[in-house]
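A.B. asks: I would like to see how this sequence folds:
(3 chains)
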Amino acid sequence: MTNGTGARAGGAHGTRRARDARRWALAPAGGGRVRVCPLDPRGGRAGPVRTEESAAAAVRAGQGVARWVWRATAEVQPGLLAAGVRVERCYDVEAAEALLLGHEGRAGDPHALPAALARLRGLPVPPDRQPVHRETDPQPSLFETGPVPLPDGVDPLDALLEVYAAQVERTERAEHPERMRLLLAGESAGTLVAGEMGHAGVPWSAEIHRELLAELLGERYAGGGLPRRLVELEEEVSRAFGPHERVRPDLAADVLQAFARQGIRLGSTRAWELRKVDHPAVEPLLRYKKLYRLYTAHGWSWLRSWVREGRFHPEYVPGGAASGRWTTNGGGALQIPKVVRRAVVADPGRRLVVADADQMEPRVLAAVSRDPGLMAVANSERDLYTALSKRAFSGDRGQAKLALLGAVYGQTSGDGLRNLAALRRRFPAAVAYVDEAARAGEEGRLVRTHLGRTCPPVGREEGGAPADESSGTGPETGEGFAGTDGEPGQAGARAAGAVRARGRFTRNFVVQGSAADWAVLMLAGLRQRLADLAAELVFFQHDEVIVHCPTEETDLVREAIDAAGRQAARAAFGDTPVRFPFTTAAVRCYADAK
DNA sequence: TGCGCTAGCGCC
DNA sequence: AAAGGGCGCTAGCGCA
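C.D. replies: This next block holds a predicted model:
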């Protein structure tokens, strides 16, 4: 399929008006059919409604359409992918609703078109998800949740147009409308990337995976139960406690009791706590935990559930986390342990181009805070933490990294605090920026990224008194929660703790959320740049992408990634000298990258 | 049997 | 070196 590169029939005009005129709405019409119509710049209907046999047919017929507006990409895209139809751009109304609601300082049911419609019409807002009963299921107790249906008698296309037109208007009322438009476009592109990536899947060698399981865990016994290596380690742990002891390492209570019998008091069986203890059981226990984790989370049953025909197909959820980061459903795609990456192998004649953005957090902080010193450090050499350590930590890279992450995460104790003081002296604007984000959160004010992605407001159960919705939400409001009613007893302490937690959350948000903005724009740009190649995006994890491509395309792919990263930085942070370089490797096997 | 909870740990 | 921010997932347990 040809991808329109520039001028095409009827459209050499590059004005926004002309582009908007080529937006079309698409809504289901029953039986797989869809109804489509052109839109005017304000989001209203600009021409007759047509009915098409399927979304794929509509997209094929609508070659001049610049952007498809629909309820949710996840609803339409499976049909398109099955038919092999690619969409250039879309506008996902439910993804946009989530961002706009957040920007407006409102919470709740962001992902449902019916809820948005109800708000517009002043009707009771339905819940976000609702139980769905499958008729084929004989068990009436088996329910699962699904998207909320529109009320009876409401036409899906009418509902879509009504909500979309209101969104266009709300976008114009955003603090920075042009930035919000960019964010909405980026988030929508993200939904396309997410679906395509899940569809393509990560090339996965079940054979190599099984080999490494056998190598690390030993063989499985015929009667089921734990693999050999785990059984051996369990015996070793027990023996370390005494000749007739039996301690089951995966039962925390068992382990704690065993240590207590030997006079060793532990608050938990966490690995970092165990490491502080001098006892012969510790070493095999730690090895057991490591391997048990592999066995349960990425072992044989994981392989059976998630890998088919040489591909691992995760379901990505763009913006699934409060910070705007993506999450996944099932398969734990964003937590693939390093050892298992040996099983990720390119097809014959292909390579995996693995690109990892270098030291994302400090670069983001430099860009958003515009701290002159930190911006200079961000460009002085490849490894930012080394540069940082030379400026402020007498060459100790580890300390420099810890101090910076401590500032971003809201560290409250330990060496980090002393290091934080050093950081504050050298980079006052950077530290002040995250401090201000924390204070805003504690006072119940809204906290946003440059593009306008906004930290969700305090939840009701989160403790403390949430900011009164009616009291305004601008940065200038907020007497804070300091004077909440109630006696200064335990409840007061709990509320104070919740307020501080909120501060850490918003402190982190300005960095993590801004990184999420950058990442989704980078993905959007990369998707477009790869459109004319045989390369496919197969994996994304916060600040890392994997592109699976013919060996001869690796250089082009590297260039595309770098260009997409540069473009995303300009878009997400405005005019900034801060660069966001990638470490890129073209490898046969994921484990060989970096 | 299913649900909600905690503990623990993988990734960024 | 310390144990903080964001997540998903599994196992085990108590409860209905």
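
A.B. asks: Run through the stretch 151-300 of chain A and note the low-pLDDT ranges.
C.D. replies: Along the stretch 151-300 of chain A, segments meeting pLDDT under 70 span A:222-224.

A.B. asks: how about stretch A:399-408, does it reach DNA strand B?
C.D. replies: No - using Cβ under 7 Å from any atom of the strand, stretch A:399-408 never reaches DNA strand B; the gap is at least 9.7 Å. From N, CA and C alone the C-beta is placed, and that goes for glycine too.

A.B. asks: what about that stretch, distance to the chain center?
C.D. replies: 22 Å (Cα atoms, centre = their mean, to the nearest Å).

A.B. asks: if we look at it, which residues are touching it?
C.D. replies: A:361-362, A:365, A:385-386, A:388-389, A:392-393, A:411, A:415-417, A:419-420, A:422-423, A:430-431, A:434, A:507-508, A:511 (Cβ atoms under 8 Å, 6 or more residues apart in numbering).

A.B. asks: out of the residues you listed, which are buried?
C.D. replies: Using 16 or more other Cβ atoms under 10 Å as the burial test, the contacts of stretch A:399-408 include A:361-362, A:365, A:385-386, A:388-389, A:392-393, A:411, A:416, A:419-420, A:422-423, A:430-431, A:434, A:507-508, A:511 as buried.

A.B. asks: In helices only, show me those.
C.D. replies: A:361-362, A:365, A:385-386, A:388-389, A:392, A:416, A:419-420, A:422-423, A:430-431, A:434, A:507-508, A:511 (DSSP state H).

A.B. asks: for the residue most central in space within chain A, what are its contacts?
C.D. replies: Of all residues in chain A, the one closest to the mean position by Cα atoms, centre = their mean is residue A:326, 1.6 Å from it. The contact partners of residue A:326, by Cβ under 8 Å, 6+ apart, come to A:190, A:194, A:316, A:317, A:318, A:319, A:320, A:334, A:516, A:540, A:542.

A.B. asks: Tabulate those residues (JSON lines), appending neighbour count, distance to residue A:97 and secondary structure.
C.D. replies: JSON lines is the format used below for the contacts of residue A:326 (neighbours: other Cβ atoms under 10 Å; distance: Cβ to Cβ, whole Å; DSSP: H, G, I helix; E, B strand; the rest coil):
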{"residue": "A:190", "neighbour count": "26", "distance to residue A:97": "15", "secondary structure": "helix"}
{"residue": "A:194", "neighbour count": "26", "distance to residue A:97": "17", "secondary structure": "helix"}
{"residue": "A:316", "neighbour count": "23", "distance to residue A:97": "19", "secondary structure": "strand"}
{"residue": "A:317", "neighbour count": "16", "distance to residue A:97": "15", "secondary structure": "strand"}
{"residue": "A:318", "neighbour count": "28", "distance to residue A:97": "13", "secondary structure": "coil"}
{"residue": "A:319", "neighbour count": "23", "distance to residue A:97": "11", "secondary structure": "coil"}
{"residue": "A:320", "neighbour count": "15", "distance to residue A:97": "15", "secondary structure": "coil"}
{"residue": "A:334", "neighbour count": "18", "distance to residue A:97": "24", "secondary structure": "helix"}
{"residue": "A:516", "neighbour count": "28", "distance to residue A:97": "18", "secondary structure": "helix"}
{"residue": "A:540", "neighbour count": "25", "distance to residue A:97": "23", "secondary structure": "strand"}
{"residue": "A:542", "neighbour count": "17", "distance to residue A:97": "24", "secondary structure": "coil"}
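
A.B. asks: Quick one: residues contacting the nearest residue to residue A:83 once chain neighbours are set aside.
C.D. replies: Of all residues not flanking residue A:83 in the chain, residue A:56 sits nearest, at 3.6 Å (Cβ to Cβ, 6 or more residues apart in numbering). Each residue near residue A:56 by Cβ under 8 Å, 6+ apart is listed here: A:79, A:80, A:82, A:83, A:85.

A.B. asks: Save those residues as a markdown table, and put in neighbour count, distance to residue A:357 and secondary structure too.
C.D. replies: What follows is the contacts of residue A:56, written out as a markdown table (neighbours: other Cβ under 10 Å; distance: Cβ to Cβ, whole Å; three-state DSSP):
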| residue | neighbour count | distance to residue A:357 | secondary structure |
| --- | --- | --- | --- |
| A:79 | 16 | 33 | helix |
| A:80 | 24 | 30 | helix |
| A:82 | 11 | 33 | helix |
| A:83 | 14 | 34 | coil |
| A:85 | 17 | 31 | coil |
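
A.B. asks: what subset of the ones in helices among the buried ones among the contacts of stretch A:399-408 is also close to DNA strand B?
C.D. replies: Among these, DNA strand B is touched by none when using Cβ under 7 Å from any atom of the strand.

A.B. asks: which secondary structure element contains the residue nearest to residue A:83?
C.D. replies: helix A:55-61 (DSSP states H and E).

A.B. asks: show me what contacts the nearest residue to residue A:434 once chain neighbours are set aside?
C.D. replies: For residue A:434, ignoring the flanking residues on the chain, the nearest one in space by Cβ to Cβ, 6+ apart is residue A:507 at 4.9 Å. Shown in contact with residue A:507 (Cβ under 8 Å, 6+ apart): A:408, A:409, A:410, A:434, A:435, A:437, A:438, A:441.

A.B. asks: give me the element the last one is part of.
C.D. replies: In other words, residue A:441. helix A:428-442.

A.B. asks: on contacts alone, who are the packing partners of that helix?
C.D. replies: helix A:360-369, helix A:372-380, helix A:397-409, helix A:415-426, helix A:490-530 (3 or more Cβ pairs under 8 Å, 6 or more residues apart in numbering; DSSP states H and E).

A.B. asks: which of those helices sits most buried?
C.D. replies: Of all those, helix A:360-369 carries the top mean neighbour count, a mean of 25, counting by mean count of other Cβ atoms under 10 Å.

A.B. asks: Just after the helix holding residue A:56, pick out the following helix or strand.
C.D. replies: Using DSSP H and E, the next helix or strand after helix A:55-61 towards the C-terminus is strand A:67-70.

A.B. asks: give the contact list for the residue nearest to residue A:368 when sequence neighbours are not counted.
C.D. replies: Distances taken as Cβ to Cβ, 6+ apart place residue A:514 nearest to residue A:368, at 5.4 Å, with adjacent residues excluded. If you count contacts by Cβ under 8 Å, 6+ apart, residue A:514 has them with A:364, A:367, A:368, A:449, A:450, A:453, A:572, A:573.

A.B. asks: Test my guess that the second one contacts residue A:569.
C.D. replies: Which is residue A:367. Yes - the criterion here is Cβ atoms under 8 Å, and residue A:367 meets it with residue A:569 at 7.2 Å.

A.B. asks: What's the local residue count around the residue nearest to residue A:523 when sequence neighbours are not counted?
C.D. replies: Among residues not flanking residue A:523 along the chain, residue A:193 sits closest, at 4.8 Å (Cβ to Cβ, 6+ apart). The tally of other residues near residue A:193 (other Cβ atoms under 10 Å) stands at 22.

A.B. asks: helix or strand for residue A:193, which one?
C.D. replies: Assigned by DSSP H and E, residue A:193 falls within helix A:177-200.

A.B. asks: With just CA atoms, put that helix into CSV.
C.D. replies: Output of helix A:177-200 as CSV, limited to C-alpha atoms (Å, rounded to 0.1, in the frame of the first residue of the first chain):
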residue,chain,number,x,y,z
PRO,A,177,-4.3,24.3,23.2
GLU,A,178,-1.6,23.7,20.6
ARG,A,179,0.3,21.5,23.1
MET,A,180,-2.8,19.6,24.1
ARG,A,181,-3.6,18.9,20.4
LEU,A,182,-0.1,17.5,20.1
LEU,A,183,-0.5,15.3,23.1
LEU,A,184,-3.9,14.0,21.9
ALA,A,185,-2.5,13.2,18.5
GLY,A,186,0.5,11.5,20.1
GLU,A,187,-1.6,9.5,22.5
SER,A,188,-3.8,8.4,19.6
ALA,A,189,-0.8,7.4,17.6
GLY,A,190,0.2,5.4,20.6
THR,A,191,-3.0,3.4,20.5
LEU,A,192,-2.2,2.5,16.9
VAL,A,193,1.4,1.5,17.8
ALA,A,194,0.2,-0.6,20.8
GLY,A,195,-2.3,-2.6,18.7
GLU,A,196,0.2,-3.2,15.9
MET,A,197,3.0,-4.2,18.3
GLY,A,198,0.7,-6.6,20.1
HIS,A,199,-0.4,-8.0,16.8
ALA,A,200,3.2,-8.4,15.5
